[in-house]
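Undergrad: only geometry, no sequence info:
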């Protein structure tokens, strides 16, 4: 509630408490009002109450609160919240966004930043933003990461009773053009499998397992031998292997609870795993004390966990050497999903197999694939009811040349994304 005090000068001081700052100190806002000449005492009291109510409303709406610079408060957010609650990869991604956000908004006070300021920054980032490594325009996903960071700061200020409104709610990220992500055709996969026969067993297993399983890159590199059940031909996903500049390679939990899952595999994969286990054991015995036993399937030469970028680099060189078009490692996960869909597997089963937290994620990522698969229903019912006619020819399997829209915002890491904020 506002409190009012009359001053000797004839003015009135209106004081409103706006909560507490990050250091626990009460934040007070003041307004001075001088009655116009000619007003009666009753009119002054009435207008004074009106001024107090208006001022209190302004404070509640965040128009006169949080007199602290954005960068200062953001750094407090990193220490008080982000370090404790965010995954290291998310923390590092947020840190990278500050390289662009701080120069644009860091000097401004929280209560002075409007949706217009943020919209101007986001629009400019989308139109003129450049990848600092290759000079290419920033992806829409990267722009969204910057807006998410700004929004998180304002959300924390609201939680701390410093503001009552988040201007990011009114900011729009330009839609842009949908980018299509190439997926290998079945013929290309057949050629890749043939060429893999002359490659080291480790890489043959990695590529084939990635297609058969649809596991994320981090899940593949997090696999340990204890996760392999040779008796029942299953593999369990229980952890991930991640990398940040600060921590290096480290083991983390799965992306979501549903990402912990078990999948069954055919003999071709299980036999390859047995061969690879024997090969790895022989290498470990040969290296002796130089071998570091982390129980991982995919390792460096000495048994240490493999760097998450290594499979991407190897596969790119493999494709270049053999004259194949390069669809990055993550596209093998999309290929796995597309094969399930075009074989008629329902969306719930596909979602569980992919380890998505909700079925909606699967529908968003592969909605057009499900729509294309449903077109075959027309052929199926027509064939079933063609008693006297020749069966129609079934539509060409779209999995031979399918493309998927690259909308990974709700899914998982893309292979080139290891901090793909393009700093």
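TA: Perfect, I can see it now. For clarity, every value in this text was computed on a predicted model and none was experimentally measured.

Undergrad: any low-confidence regions in the protein?
TA: Low-confidence segments of the chain, defined by pLDDT under 70, span residues 19-24, 61-66, 176-181, 368, 372-377, 386-423.

Undergrad: can you map out the strands along it?
TA: In the chain, the strands defined using DSSP state E lie at 3-6, 12-20, 26-33, 180-182, 228-229, 234-237, 240-244, 248-252, 261-264, 403-405.

Undergrad: most packed of those?
TA: By mean neighbour count, with neighbours taken as mean count of other CB atoms under 10 Å, strand 240-244 ranks first of the strands of the chain at a mean of 22. Placement of C-beta: from N, CA and C, glycine included.

Undergrad: list the neighbouring strands of that one plus their orientation.
TA: With DSSP bridges as the test, strand 240-244 is paired with strand 248-252 (antiparallel).

Undergrad: neighbouring contacts of the partner strand?
TA: Residues external to strand 248-252 that are found in contact with it (CB atoms under 8 Å, 6 or more residues apart in numbering): 87-89, 218, 222, 239-244, 304-308.

Undergrad: now do the contacts for the closest residue in space to residue 167 that isn't next to it in sequence.
TA: Here the nearest residue to residue 167 in space, its sequence neighbours aside, is residue 115; by CB to CB, 6 or more residues apart in numbering that works out to 4.0 Å. With contacts defined as CB under 8 Å, 6+ apart, residue 115 is in contact with 167, 168, 169, 170, 171.

Undergrad: look up the closest residue to the second one, ignoring the ones flanking it.
TA: The spatially closest residue to residue 168, leaving aside those adjacent along the chain, is residue 151, at 3.7 Å (CB to CB, 6+ apart).

Undergrad: state the number of residues packed around the one you found.
TA: If you count neighbours by other CB atoms under 10 Å, residue 151 ends up with 16.

Undergrad: surely it and residue 166 touch.
TA: Yes: under the criterion of CB atoms under 8 Å, residue 151 lies in contact with residue 166, with a separation of 6.2 Å.

Undergrad: if I look at residue 221, how far off is residue 88?
TA: Residue 221 sits at a distance of 15 Å from residue 88 (criterion: CB to CB, to the nearest Å).

Undergrad: between these two, which is the more surrounded one?
TA: Residue environment comparison for residue 221 versus residue 88 gives the larger neighbour count to residue 221, 26 against 16, counting by other CB under 10 Å.

Undergrad: tell me the spacing between that one and residue 227.
TA: Distance check for residue 221 against residue 227: by CB to CB, it reads 12 Å.

Undergrad: circling back to that earlier point, out of the contacts of strand 248-252, flag the one nearest to residue 18.
TA: Nearest to residue 18 among those, counting by CB to CB, is residue 87 at 33.1 Å.

Undergrad: excluding chain neighbours, what is closest to that closest one?
TA: Distances taken as CB to CB, 6+ apart place residue 252 nearest to residue 87, at 6.6 Å, with adjacent residues excluded.

Undergrad: partners of that neighbour in the sheet?
TA: In this structure, residue 252 has beta-bridge partners residue 240, where bridges are defined by DSSP bridges.

Undergrad: could you find the closest non-adjacent residue to residue 265?
TA: Nearest residue to residue 265 in three dimensions, chain neighbours excluded: residue 233, at 5.5 Å (CB to CB, 6+ apart).

Undergrad: test my guess that that neighbour contacts residue 268.
TA: No: because the distance of 10.7 Å does not satisfy CB under 8 Å, residue 233 is recorded as not touching residue 268.

Undergrad: between the two, which one's more packed in?
TA: Of the pair residue 233 and residue 268, residue 233 is the one with more neighbours under other CB under 10 Å, namely 15 against 11.

Undergrad: so who does that one touch?
TA: Taking CB under 8 Å, 6+ apart as the definition of contact, the neighbours of residue 233 are 264, 265, 266, 267, 270.
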